[in-house]
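J.: Sequence plus the predicted model coming up.
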Amino acid sequence: MTWADFSIYTSINILHGAGELAKFETQLSAFKKPLIITSQGFVNRDLIRVLLGDRDIEICSGVLPNPSLDFLVQCHLTYKNMGFTEIVAIGGGSVMDVAKILSVSLPNCQNQSIEKILEEDRGSFTKKIPLVLVPTTCGTGAEVTPFATIWDFRGQKKMSLESQQILPSKVILDPALLKTLPPKYILFSALDSISHALESLWNKNKTSESEKLAKESLQLSLEFLPRVMKEPANIEFLDKLLVASTFAGMAIAITRTAVAHAISYPITMYFGVPHGLACSFTLEKIIQQYLAEVENEPNQELLHRAGKVLHSLRLSEVLKEYFVDEDLMKIPAKEFENKSRINNFSGKKFNIYECISASLHGECDDYSV
C-alpha cells in the first residue's frame, strides 16, 4: 500500500520521510502569518528553534494531554482577532485536535462560544484557516481523521467535533521526530494505533477499504512495536509505527471506533489514564470473546496474533500506577454506554465491568488457533 491509495479518501498532501520537517522550513518562510501550536515538551526538545530559526512567529506551546475545554476557550479568545493565515500543529493527538478546532473556530466564531460549535454546529463552517499537521507520536492518526476531541473536566464529559473541514491540507510524517520520545510514550501511542485498527476490523461500518487499511496497520504494529521496545531510537522501526498510525487513522475515519474506546473515555476522565493505554487494556479480552462467538472470521489469525502481543505487554501491571480495581466500580455503568461507539461493535453486547475485571486480572491467555 502506498500514499497514492489515500487519494480515495481525501486530497491531503502527505510528505513522508526522515528529515521532511526540516525541508518544510523553506515553505514556512512563505507563510504570511502562521500560528504554531505545540506542547512544552516539544519546545523543550529544542526542535522548534531549529525549525523557526530567528523568525518572529506566534507559538502556542501550552497544550497538555487530553486538553481541556477551558484551555481551548482561552486559546480562542487570545487568538480570534489576530488574523492568522495558517496554523501548523507539531505534536501528538492533543496538539492536533486543538489545532483542528481552532482552524474553524477562529475564522467563524467571533461572537460564538466554543461549546456551541462542539455541541450544535457540528461542522457547518463557512471559513477555515489552512492547516498543516505534523505528528510527533505514532498512535492517534489524528493527522488524517475528521475528528477532534476536547475534555470538559468540570462537566465531566468528552466533547467531539466531526467535520471534513478540519482535515489538513498537508501532513508531514517524519520519523526522526519520534527518536527522543521515552519508550513509555511510544508504547502508549502504538497501543492507540493497535486499538484503532482492531476497532475498525470488528466494526459494523467496515468497508473493503477500511479493512485493507486496518490490516496493513495492524500487521506493521504487531511486527515493529516489539522491535521498537528493544531499539527505541531505530528510525526504520519508528517509521513503520508512524505509517501504521496513519493507516489506522484512515481506517477509523471510515468506520469510527467501537467498544474499547467507549470503555476508555470515563477511565481517562476519572483517573487520567493515557488514552492509548485506556483504550487498549481491554482489547485482549474483547478479542477472545469476539473470536469465540464469530464464525468464519476472515482475520482470525491476525486477531490471535494481536492478542498474543497484547498479552505479552502485561498492560494490567502498567495500569496499577493509575488506580486500583475497586475504584472502577465507582464509575456509573451508564458512563461506559457511549452508544455512538458501542453500537459500532459487530460482536454481541457483553458486561463491561466483567470485561474490565478480566482484563485487569490477566484472565485472557488462550490464543490457540
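T.: Now that the structure is in, tell me what you want to look at. Here the structure is a predicted model, which means the values were calculated and not measured.
J.: And the longest helix seen in the chain, how far out from the chain middle?
T.: The helix spanning the most residues in the chain, taking DSSP state H as the definition, is helix 208-230. On the basis of CA atoms, centre = their mean, to the nearest Å, the separation between the geometric centre of helix 208-230 and that of its chain is 15 Å.
J.: Same check on stretch 149-169?
T.: In terms of CA atoms, centre = their mean, the centre of stretch 149-169 is set 12 Å apart from its chain centre.
J.: and the next element down the chain from the helix or strand of the chain with the lowest mean pLDDT?
T.: The helix or strand with the lowest mean pLDDT-type score in the chain, counting by mean pLDDT, DSSP states H and E, is helix 47-52 (a mean of 75). As assigned by DSSP states H and E, the chain's next helix or strand after helix 47-52 is strand 58-60.
J.: Could you list the buried residues of that next one?
T.: Along strand 58-60, these residues count as buried under the neighbour rule (16 or more other CB atoms under 10 Å): 59, 60. No exception for glycine: its C-beta is placed from N, CA and C like everyone else's.
J.: Next secondary structure after it?
T.: Read in the C-terminal direction, the helix or strand following strand 58-60 is helix 69-79, with elements assigned using DSSP H and E.
J.: what's the following helix or strand after that next one?
T.: Heading C-terminal from helix 69-79, the first helix or strand you meet, by DSSP H and E, is strand 86-91.
J.: Please identify the pairing partners of that following strand and their relative orientation?
T.: In its sheet, strand 86-91 lies beside strand 34-38 (parallel), strand 131-135 (parallel), with partners assigned from DSSP bridges.
J.: For that strand, which outside residues touch it?
T.: Strand 86-91 is contacted from outside by 21, 28, 31-39, 42, 47-48, 51, 63, 95-96, 98-100, 102-103, 129-137, 177, using CB atoms under 8 Å, 6 or more residues apart in numbering.
J.: Which secondary structure element comes immediately after that strand toward the C-terminus?
T.: Counting by DSSP H and E, the element after strand 86-91 in chain order, helix or strand, is helix 93-108.
J.: Output the contacting helices and strands for whichever helix or strand comes after that next one.
T.: Heading C-terminal from helix 93-108, the first helix or strand you meet, by DSSP H and E, is helix 114-116. Secondary-structure packing of helix 114-116 (3 or more CB pairs under 8 Å, 6 or more residues apart in numbering; DSSP states H and E): helix 69-79.
J.: okay, now the closest residue in space to residue 80 that isn't next to it in sequence: neighbour count?
T.: Leaving aside its chain neighbours, residue 80 sits nearest to residue 106 (5.4 Å; criterion: CB to CB, 6 or more residues apart in numbering). When neighbours are counted by other CB atoms under 10 Å, residue 106 registers 22.
J.: Could you list the residues in contact with stretch 14-21?
T.: Around stretch 14-21, the neighbours that count as contacts under CB under 8 Å, 6+ apart are 3, 6, 23-24, 47, 51, 90, 134, 170-177, 235, 239, 243, 246.
J.: I'd like the strands paired with strand 86-91 laid out as a markdown table, including mean neighbour count and mean pLDDT.
T.: Converted to a markdown table, these look like this (neighbours: other CB atoms under 10 Å; pLDDT from 0 to 100):
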| stretch | mean neighbour count | mean pLDDT |
| --- | --- | --- |
| strand 34-38 | 25 | 95 |
| strand 131-135 | 26 | 97 |
